[in-house]
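Colleague: Got a predicted structure here, sequence first:
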Amino acid sequence: MSSIIVSELEYGPPGSDQLFFDVSFKVSPGEHAAIVGANGVGKSTILRILSAQIEADGGEFSLGGTMLNMTQDVGMSRPDDTLREMLIEVAPAALRTAGRALVAAEKALADGTDADINAGMGYATALSDWGDLGGYELETKWQASAQRSVKSQIDDVSTRLVSELSGGERKRLVLDLLLTSGADVLLLDEPDNYLDIPTRAWLEEQIKVCRSTILMVSHDRTLLERCATKIVVIEGSGCWVHGGSYVTFPEAREKRQALLGDDLKRWNDEERRLFQHMKIMKQRAAQNFKNATKANGAETRWEKFVAAGPPPPPVADQQIYVRLRGADAARRVAKLESVSITKLFKPFSEEIHHGERVALIGPNGTGKTHLLKVLSGQNEPDTGKITFGPRTSVGVFTQINNRPDFVGRECLAIVLDRISEEERAMKTLARYGLVNNARQKFDTLSGGQKARLEILRLEIEGHNVLLLDEPTDNLDIESSEALEHALDGFEGTVVAVSHDRSFLAQFDRYIMITDDGEVYALPDFEIALKGLTEPDKLASLRLAKPLHE
């Protein structure tokens, strides 16, 4: 049976309090379940435990049948790898081991790092193991998936570099392979990240028809509504399960919160659970001093709970308050004159006015992020020029939150660069749900926590023009909604690249770049979606205005 059964799972990073405990849920054969929760609560960690990348501190789990796993950063962390090396990492365990050995043997033979005879024998053995385990059949599947997923022709996955594919192409290639693999269980961490809207629509259809049991982490509200048949909610250091789609989840959670607040029995049950957990951790600490920190944390958690007294409060909602104030600027913020980037999009002219919310949309690889970099002054256009109006201050949010100047620094220190008073800095971190991470170094934050810190930075720098590249990609749902609310009241101009349909629906107008390099102005979200899903009809769409020359 291809079910996923998790019982009383617990985990805490080395030297830290426990991230979660008493996590129990079941995903029945053929179900497509989604794990949801705030950034940093351990959603990806649960998938890492289930895929045997890390060990849990306690609890049990079982996965029926064959399992394939896709990590959040698949194809992103090692761009100099070949496609074969990337695809080996998402192969079944035995083939993954054999594939790694084959790649290592080939490199040893090519580099001459071993004696020729030893290198040759090692290569022959690795090649034989690869073939015996079904490696050649897997290579055929790789080629078929590549033909369906990548725009350019791929003749040899062993020589084509990962960096030669866009992030969306890499992700789609892996997803196509996994969703057609026939594996009993699929673990998918942020499968929608880096995908454009047409590819997200493709992903939704593939998940719907996939017969595998799927457990995924996603922040895409539209995908969750259309694909998830069960919601596993991680909150309050534990979890609960909503046995329906995400459409009915908010209402179900509201009812649950009310029950938590009214039911005295729940308080008694929780007190006993925390007390028993503390006793277990004390026993473990007596056997191994390394568990002392976690035992003390368990005792503190129990003592705080008892001190609060009955009745129990509901699980505290994550409160994220984003304050993007902005400032006045000239009516015309930016004028683009015959701007183009060779091989991406044709020369086009356009104006962006103060207060507008403009979304740059289109398939992956059409040049949206390139255009955003041109607007920010990071790059120069191949033709044309951009002129900004007076009193314009531009702030930039990058998709990958790449901030070398933040690496090794604590969150509080980063905020203190702009807010000199520590008390005010801590209150600002609290508004973004980062107060508990104040002393945590930037490079150890989760993707969503880094994204929140980036938005916080934009807030305290006080820009009146925001250029946002996929700002919601790593944000949890509550943070995305807080950002949307803040942008709604922002006194300034927003230009954003996004594939998040819920986020895009808030914008005033849309500039679309097609695969053919044509540029169109689209006046509303309905027409924008129509243009994305049916690009061949774009020229005939009502109110679609060509901007290219």
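Modeller: Looks like it arrived, so ask away. Numbering: from 1, shown residues only.
Colleague: and the residue nearest to the spatial centre of the chain, backbone torsions?
Modeller: By CA atoms, centre = their mean, the chain has its centre lying nearest to Asn474, at 4.0 Å. Main-chain torsions, Asn474, degrees, to the nearest 10: phi -110, psi 0.
Colleague: From what I see, it and Ala451 are in contact.
Modeller: Yes. Counting by CB atoms under 8 Å, Asn474 touches Ala451, with 4.6 Å between them. Every residue, glycine included, has its C-beta placed from N, CA and C.
Colleague: show me where pLDDT drops low in the stretch 401-549 of the chain?
Modeller: 401-402, 542 (pLDDT under 70).
Colleague: ranges for the helices of it?
Modeller: Counting by DSSP state H, counting those that start in this stretch, one finds helices in the stretch 401-549 of the chain at the ranges 411-416, 422-431, 447-461, 477-488, 501-504, 525-533.
Colleague: need those helices in JSON lines with distance to Thr199, can you?
Modeller: Converted to JSON lines, the helices of the stretch 401-549 of the chain look like this (distance: least, CB to CB, whole Å):
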{"stretch": "helix 411-416", "distance to Thr199": "34"}
{"stretch": "helix 422-431", "distance to Thr199": "34"}
{"stretch": "helix 447-461", "distance to Thr199": "20"}
{"stretch": "helix 477-488", "distance to Thr199": "20"}
{"stretch": "helix 501-504", "distance to Thr199": "12"}
{"stretch": "helix 525-533", "distance to Thr199": "10"}
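Colleague: Burial check on the closest residue to Val495 other than its chain neighbours, number of neighbours?
Modeller: Setting aside the residues directly before and after it, Val495 is nearest to Val358 in space (CB to CB, 6 or more residues apart in numbering), at 4.9 Å. Per other CB atoms under 10 Å, the neighbour tally for Val358 reads 19.
Colleague: what residue ranges in this protein are flagged as low confidence?
Modeller: 1, 112-119, 261-264, 311-330, 399-402, 542.
Colleague: quick one, phi/psi of the residue nearest to Val495?
Modeller: Dihedral angles (degrees, to the nearest 10) for Val358: phi -110, psi 130.
Colleague: For it, give me its contacts.
Modeller: Ile352, Thr493, Val494, Val495, Ala496, Phe507, Asp508, Arg509, Tyr510, Ile511 (CB atoms under 8 Å, 6 or more residues apart in numbering).
Colleague: Can you name the residues bridging to it?
Modeller: Val495, Arg509 (DSSP bridges).
Colleague: Mind listing what's buried along stretch 501-513?
Modeller: Judged by neighbour count (16 or more other CB atoms under 10 Å), stretch 501-513 contains these buried residues: Arg501, Ser502, Phe503, Leu504, Gln506, Phe507, Arg509, Tyr510, Ile511, Met512, Ile513.
Colleague: Format these as a markdown table; extra columns: distance to Lys537.
Modeller: Formatted as a markdown table, the buried residues of stretch 501-513 follow (distance: CB to CB, whole Å):
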| residue | distance to Lys537 |
| --- | --- |
| Arg501 | 19 |
| Ser502 | 24 |
| Phe503 | 24 |
| Leu504 | 19 |
| Gln506 | 25 |
| Phe507 | 21 |
| Arg509 | 19 |
| Tyr510 | 16 |
| Ile511 | 18 |
| Met512 | 13 |
| Ile513 | 16 |
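Colleague: Could you work out the most separated pair of those residues?
Modeller: Using CB to CB, the two most remote members of the buried residues of stretch 501-513 are Ser502 and Ile513, lying 21.6 Å apart.
Colleague: in the stretch 101-250 of the chain, which spans are helices?
Modeller: With DSSP H, counting those that start in this stretch, the ranges of helices along the stretch 101-250 of the chain come out as 116-132, 135-149, 167-179, 197-209, 221-227, 249-262.
Colleague: Please identify the deepest-packed of those.
Modeller: Highest mean neighbour count among these (mean count of other CB atoms under 10 Å): helix 167-179, with a mean of 23.
Colleague: what are the C-alpha coordinates of it, in PDB please?
Modeller: Extracted in PDB, the C-alpha atoms of helix 167-179 (Å, rounded to 0.1, in the frame of the first residue of the first chain):
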ATOM      1  CA  GLY A 167      15.000  27.700 -13.500                       C
ATOM      2  CA  GLY A 168      11.500  26.900 -14.700                       C
ATOM      3  CA  GLU A 169      12.700  24.500 -17.300                       C
ATOM      4  CA  ARG A 170      14.800  22.600 -14.700                       C
ATOM      5  CA  LYS A 171      11.800  22.400 -12.400                       C
ATOM      6  CA  ARG A 172       9.400  21.300 -15.100                       C
ATOM      7  CA  LEU A 173      11.900  18.600 -16.300                       C
ATOM      8  CA  VAL A 174      12.200  17.100 -12.900                       C
ATOM      9  CA  LEU A 175       8.400  17.300 -12.200                       C
ATOM     10  CA  ASP A 176       7.600  15.700 -15.500                       C
ATOM     11  CA  LEU A 177       9.900  12.900 -14.700                       C
ATOM     12  CA  LEU A 178       8.500  12.300 -11.200                       C
ATOM     13  CA  LEU A 179       4.800  12.700 -12.000                       C
END
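Colleague: could you say what helices and strands that helix packs with?
Modeller: Where contact means 3 or more CB pairs under 8 Å, 6 or more residues apart in numbering; DSSP states H and E, helix 167-179 is packed against strand 67-70, helix 83-88, helix 135-149, strand 185-189, helix 197-209.
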